Structures are given as C-alpha cells and as structure tokens.
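J.: turn this into a structure:
(chains A and B)
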Amino acid sequence: MNTPVKMVPAAAGKKPAAPVQKEDSMWLQKEMINRNYAELASAHETGRKVSATFVPGNLNELLMCFNFARSLPETNALQNGMRKKSGKLIMDAERDGHSEDVCTYVKSDLGMMLQGEIGPTGEKLPYPDILLLSYTGCFTFMKWFELIRQKYNCETVMLHVPYQGDGKISPAMRAYVVNQLKEKVIPTLERVSGIKFDIDRLREYMRESQKAEDNLVKVLHSAKHRPSPIDGYFGGVYYIGPIFTAFRGMPEATRYYETLWQEVSERMRGNKGPVTPEGELNDEKYRLIVEGPPNWTHFRDFWKMFYDEGAVVVASTYAKVGGVYDFGFRHDPDHPLESLADYCLGCYTNLNFPQRIDMICKYMDEYQADGLLINSIKSCNSFSAGQLLLLREVEKRTGKPAAFIESDLVDPRYFSAANIKNRLESYFQMIKAKRVAAAAH
Amino acid sequence: MDVKQIIDRCETIFEDLNFGEVKKWKAAQPGRKAIGYMPIYVPREIVHAAGMLPVGIFGGGDQMEVIQGDAYYQSYICRIPRSTVELGLTGRLDCLDGMLFPSICDVIRNLSGMWQILFKDKYVHYVDVPQNYEDSIGGKFYVHEMQQIREDLAKLRGKPITDDEVRNSIAVYNQNRAAIADLYTYRAQQPWQAPTSEVYLVLRAGLVLPPEEHTVLVRDYLAATEAVKRPKRDNARVVLTGAFCEQPPLSLIKSIEMAGCYVVDDDFILITRWLREEVPTSGNPLEQLSKAFLHHSVQSSPKYDERKEDKGKFMLHQVSSRGAEGVIFAAPSFCDPALLERPMLQDILAKQKIPYTAFKYAENTGQMAPIREQAGTFADSIKLWSAA
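T.: The predicted structure follows:
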C-alpha cells in the first residue's frame, strides 16, 4: 500500500510541491526515527545514558544490552541535509577553523554542536555519555570522535576494525576485534552505563536481528525481478534505515521489515515498479547499479532525474555500507562476539578494491543491469578514492557502460543539478545507443 | 666529502625519479629484491632482514608531470596517489618487487587495492597497524601482521627469515635512528649550521640507500657541516607539522627558511624517527618491534590518541625540547589526517599561548611568494612579540 500525502501549501508566488508518495513502511520508519529522536532528547531526564556511534560497524545489539539511548552522528548529519539545514552548519564549522577540504558529515555535526546541539527534529539532543568509535572502513571516523571529545569532553572507546587489505578476514583479524570487545569495549560500556553485560541478552537481540536481516535481503533481491518493485538506491536508503541505525535487534525493526517485505512482494506480484516521491515508476527503461552514497541536500531532485528517465537502481553499494547481508552474513547468536567482529569486518567500505569490483560485477550480472553509475562524493575518500579505476574495471569486465557524476553528502554547494542532469541524459542516450547496436548484430 | 658534495649527492638522489640508486644496488648482486613503501610507517627491519632494500616512495615531487595518474583521481583527492600511480604506470617503479601500503588514510588504503589491480605481477600488502596499544590486544594483532609480512617476503626470497636476521636488522636501524636523532638535535641547537633544506635532502637519501650506507652519510654530513662555520641569523625558531605524507617541494622548505624561520623540528619522513627509543635486539624480535610501536612511537594524526589529555603532547614536546617559538601547520591540500587534526592542535597551542600559522600546499606547488610572505610575517610577529 502507498498513500499520497498532501504537502503544506507553498508560500504565495511559489509553485506548490507535488504530493509525495509514501509507502506504509515509510510512515512506520518515520515514526520510529522521530520516536528515537524524542527518546534521545529526553534520555538524561529519564535517567538513560546516551551513546553515539557510526553506521558502518554499528554495534546496536551490544549498546542495547546497556540500555543506551543511541545516536548516530552520520544520520543526524544526513537528516539535517535532507531538511536543508546542513549548509549553514557546515559554514559555521568552517568559520570555527575546520578546513573546506574535509568531510562535511563531520562539519555538519560539529556545526550542530556549535549551535546548541539542536537535532534535525528541532529537539535539543544531549551530549553523548560515550562515543563508541567503531573504526570501520573510514579513517575520518577516528578524527571525528577525537574532535568531539576534544571539544565536549565525551568519553571515547575505540574499536579498531582491521581493513580487508588482502580481501579476506583472517582468524587474527577476528580475534583482534573480539579481544577489543571483551577487554575494552564491554568493560567500558559496563562502567559508563552501570549495567553488567549479559551475553544472553545480546543473543536475544541477535535472534531478532536475523529476522530483520532475512527480510531485508528478500527486499533487496526483489530487484532481480523485471520490473523491479524497488529502487535499491534512493528507495534503498529507506530500506536500510532501521537496520543500519538504532533499531537492529528490536522487535520494531522486525515488524518494519515484515511490513516492507509484504509491500514489496505485493508489488512484485502485481508487476509494479518502485514507489518514488513523484509516484509509481511503472515504465522501467533502465536498470542501473549505483556506487557511492547519495547526495542528501537535493535527494528528491536527484531521484526525480532518474524517475523522469524511467531509470531504476536495482542494486547499490551504499545500501551495504552498514552491513553486507545479501551475500549471506547474518548476526549469529551462537557466536555473538565473533559475529559482531565479522559484521564489522565485512561492511562495504572495509572491503578492498578487488572485492568491491567483484561485488559490483556480480550485481551487474545478477540484476541484469544496463550499466554502472558512480556518484562520487567529495567528502568521502573511503568511497571515492580510486573510483575511476573501479569504473574502468567494471566496464572492462562486463562490457556495459559506466558513468561518473560528482556531488557531496550534505554540502549543498557541491550539488550542481544542471551538470548532473546533463551527464545522466548523455548516459541514458549511451545505453540506448548500445542497445540499438546490440540489436543490430 | 664536504657539505656541498654531500648535499649535491643527496639532491641528485632526490631528483632521480628513475631510482638509479635502487637499480645500482640490485645490479650489484643478482637476485636482489627491493620493496617500496609509502608514508607513514612500516617495519622496514623485516624487509631488510629478508636481504631486500626498503625503498620509500614519497610521490613524484614538483619535477614530474602527472598525466596518467590524474586520470585515476578526482580533483578533490590529494596529489601523492596521482604521482605514485604515474611513477608506476610510467615504469619508474619497475625496479621494485613489491609495495607496502601503510595504514595512514583512506586514499593510501584504497591505493593498495588499486595497486593489486594495476600491477598484478607484484607483491602488494596493506600494512595495518593497531589503534589499540595494549600488548595483549593490539600487540598480538601487530605481531601477527608483521609475521604475515615476514612469511610473504620469505616466500619471495625462497627461504625463511630467521629471528637473528630480524635482530640484526633492528640493530642496523637502531644505528640509523641514532644518527638521525643526533642530526635533529644538532639542527635544533645550531639551525644555521644545518638548514632544513639540507637536513631534508639527507633524510630523503635514506629512502633509497641501504640503511648502513645512509647512517654513514648522516654522520659524514654532521662532521662536514660542523667543520665549516656559517653565519647565525636572527630567525624565528619554528616547528613545522602536517607534512608527514605528501611532501612539500624543496623550494617551499627553502622559502620558509628564506622568510626568516629556522625549522627546529618537523614531521617530514617521519618513518626515520617513528620509534623514539632504541629497539632491544634481544628476545622475540617481532614482539620488540611491536612494543616499540605501541609504547615508544611518535604521536601523529594517523594514530589514535587514547586519552584526550594526550592530544598534542608530542607537538608540545617538540616545541619545548627544541626551544621553538611557534608552529607552522603545513598540510597538503585534501589531506584528511592533517586537516582534521589541525583544529585540535591549534586549540592546544592557543591555550599554551604558542603562536602558529597555517597553510596548505601540494607537492607541485609552484607559487612560493604567498608562502614566503606568510612565513615572513609569522617570523616577524614572533620576533616583535618576543622583543616586547
């Protein structure tokens, strides 16, 4: 089911925005996010401690064992981006001495702190009691939490997750992460929260995680169907929302993914395309794989460019940034700490370049994609450095065309709609020309 | 050799982007192998213990035109990976039998995978170093990581690397570190006698020369420069920080000095001073290298500071132990580690009332006038304040 939503009338003289189409699962998710922000806002008043951590390597089940209210600075930044607040926050941080060259998630977060820690929903967010520095797949994470600690004196605990430089998880890498969990992370969380660690509680949350993960994978795999009932990039960021953030392991997340899978399977049975803010996309012309995070400040405009051309993203690497579930990984309650280690070690940006290329080529094949589009993000070297080689390798191995556009996460100054639109139009023409050429042979 | 001859030799080595010294070393004995490494730190002792030559690859500098390398990177990525790819694709690194990519930032990390794709016939390894500094946790992991390198290189040379070979290499590098420590102490005491533009070239030579030969070179330079007295100027004494990966052009270092600054400490080519104490040559050599890394290595932004109060300690130590009057933050454009660290260090300096200035560069920066002006103004302001 999906419900058109009437938008608030625009100011006089401005063209009213079209109603946004939303599925019921999207409403459910919105409620969950708003409730989480409300819980965060009142955490200290209600006697709860607050944790902050990152999406890749997010140990949500473990944090729940200590009753932490859970904040994720990346999602705060992207929410501020979607709500058009991040531009000012970034400039405030730059005025405070931060370089124009560095990650805008960091600057958006620091800017939010500078202006009194007013969160995306307008509520004042508390300073975290503990920063769980899950150092997974992104060097900037380490500096980000050091910066917050420097300014606001928050306690920090590091979980160093080694990089899969050789394209595999060795027993030594796994043991290193488990050792840190046992010797550093868990004792610190116990001390800060005042709650003793109960491994059975962790197992229970992981059982719940598995259910949600199973349904998420079914949803992601549904894009193999023609037409695809989902958009695996723009829609995908909604689908991964609960599982990548403060909800994995909660019954609410399980319910969300059950609802989502029901919706998607219904759409698949009806041969329907994905729901987009502009309406259902029922004339699927292009099937794409997208590499790289989306731009958040112009998210809807960006998505509309695809909608207007009948382009559907059937799989994206960004939807794997907080966990690669579609190749079989599940949280394992029988080996809880080892499983947390494998989860962190396996996040997309912790994979080496050959692994990333293999994954994309596999998607191109399994999802019968017409091509690869890379959205290269200025802020994110973890994703972006080397993407031009990735593009060539995928083209070489699949024989399918690839294209390259550039934008940023939450800095509106780096989103050039006209340039991106031009490039996309040229790209779609190229795909069309290739099809014609192929048909002629 | 006199100072000029030594520096001329170092400059020739520095400018040789075809790595003639490496080729010469390999040609001297058939079967010799050379392993490249990028900034910031790798345990060179293991490479040396394998009988191989560790070769520092610190970008292409300002003399090399980057054409192919630019095709691999967006405009917002720093320059060192571009010029390194250029060096590789133009065959200049064919003399290397492998490359080690240290854990320093996402760009170099990703370059390790790119190298696996671009140079399939070469040995490539990403060297992960622990961000946990306990022997039983991070140490255990790091020993395993070093053992992996040891086994890989043993396979490459066709026989195992013994503990004694590693111990011997530790001793060789201890001597090299001691010589460089003396050089840095000497420069801090008499910066007019050992200008940084010369000290830098002496260090750069150590990236391609065998460590034994480099130690002799450093000692020779110290003796040669002491023999000829040079005029002392009323310059400001500064610490330069942020240049630990992509290197500034030599002309930039000269410009800072010409503008009235004596650089009395820096973080150029930090691998030469990474381990701050002598590494014991007894016991398990990998455990000794691990302990040295965990407990006695320098503080630099690619490393995690476990405690808030530790932030900036090394920089403050550089300032106080070298008698510096200010700090110059010189960071490559788009260098995440240096630029994210900078505001934290600046806060610490501000609290200590230590003056600082900051600018960015690229390895091919050509316009020195703005940097000279900024460094000159900084030096003048230090002198004015200290006179007040």
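J.: distance-wise, check the closest residue to chain B within the stretch 201-350 of chain A relative to B:G113.
T.: The minimum distance from the stretch 201-350 of chain A to chain B, using Cβ to the nearest Cβ, falls at A:T349 (8.2 Å). Yep, even glycine has a C-beta here, placed from its N, CA and C like the rest. Going from A:T349 to B:G113 by Cβ to Cβ, to the nearest Å gives 12 Å.
J.: when those two are compared, which one has more neighbours?
T.: Remark: of A:T349 and B:G113, B:G113 carries more neighbours, 28 against 23, as counted by other Cβ atoms under 10 Å in any protein chain shown.
J.: quick one, what contacts the more buried one?
T.: When the contact criterion is Cβ atoms under 8 Å, 6 or more residues apart in numbering or on different chains, the partners of B:G113 are A:165, A:352-356, A:386, B:126.
J.: backbone dihedrals for the closest residue to chain B within the stretch 51-200 of chain A, please?
T.: Closest contact between the stretch 51-200 of chain A and chain B, by Cβ to the nearest Cβ, is at A:G165 (2.7 Å). Note on A:G165: backbone dihedrals following degrees, to the nearest 10 are phi -60, psi -40.
J.: count the neighbours of A:Y286 for me.
T.: 21.
J.: I'd say A:R83 and A:P120 touch.
T.: Yes - with contact defined as Cβ atoms under 8 Å, A:R83 reaches A:P120; the gap is 5.6 Å.
J.: those two: who's more crowded?
T.: A count of neighbours by other Cβ under 10 Å puts A:P120 above the other of A:R83 and A:P120, at 21 against 13.
J.: so that one, which of the three states?
T.: coil (DSSP: H, G, I helix; E, B strand; the rest coil).
J.: related to what we said a few turns ago, the residue of the stretch 51-200 of chain A closest to chain B contacts B:W115, correct?
T.: No - the pair A:G165 / B:W115 is not scored as a contact, 10.6 Å apart, by Cβ under 8 Å.
J.: which one's more surrounded, the two?
T.: B:W115 (26 against 22).
J.: my read: the more buried one touches B:F101, true?
T.: Yes - judged on Cβ under 8 Å, B:W115 makes contact with B:F101 at a distance of 6.9 Å.
J.: now for those two: what residues contact both?
T.: What both B:W115 and B:F101 touch, as defined by Cβ under 8 Å, 6+ apart, is the set B:V124.
J.: picking that back up, and the residue of the stretch 201-350 of chain A closest to chain B, what does it touch?
T.: Contacts of A:T349 (Cβ under 8 Å, 6+ apart): A:56, A:136-138, A:321, A:382-383.
J.: list phi and psi for it.
T.: phi -80, psi 0.
J.: got the contact list for A:Y233?
T.: A:290, A:294, A:313, A:316, A:318-319.
J.: which residues in the stretch 251-388 of chain B form strands?
T.: B:261-266, B:326-332, B:356-361 (DSSP state E, counting those that start in this stretch).
J.: got it, and the stretch 101-250 of chain B?
T.: B:123-127, B:236-241.
J.: wait, which of these is closest to B:Y304?
T.: strand B:123-127 (16.3 Å; Cβ to Cβ).
J.: excluding its backbone neighbours, what's nearest B:I13?
T.: B:A205 (4.8 Å; Cβ to Cβ, 6 or more residues apart in numbering or on different chains).
J.: that neighbour contacts B:R9, correct?
T.: Yes - using Cβ under 8 Å, B:A205 is in contact with B:R9, at 7.4 Å.
J.: those two - which one has more neighbours?
T.: Applying other Cβ under 10 Å to B:A205 and B:R9 shows that B:A205 carries more neighbours, namely 23 against 18.
J.: before we move on, back to that, give me the subset of the contacts of A:T349 lying in helices.
T.: Using DSSP state H, the members of the contacts of A:T349 that fall within helices are A:382-383.
J.: which pair of the contacts of A:T349 spans the longest distance?
T.: Longest span within the contacts of A:T349, Cβ to Cβ: A:T136 and A:F383, 13.4 Å.
J.: helix or strand right after the host helix or strand of B:E45?
T.: In the assignment (DSSP states H and E), B:E45 maps to helix B:44-49. Counting by DSSP H and E, the next helix or strand C-terminal to helix B:44-49 is strand B:53-56.
J.: who does that next one pair up with?
T.: If you go by DSSP bridges, strand B:53-56 pairs up with strand B:34-37 (parallel).
J.: now the strand it pairs with: average pLDDT?
T.: Strand B:34-37 shows an average pLDDT of 98 in the prediction.
J.: check stretch B:232-248 too.
T.: 97.
J.: would it count as contacting chain A?
T.: No - using Cβ under 8 Å from any Cβ of the partner chain, we find that stretch B:232-248 stays clear of chain A, coming within 10.9 Å at best.
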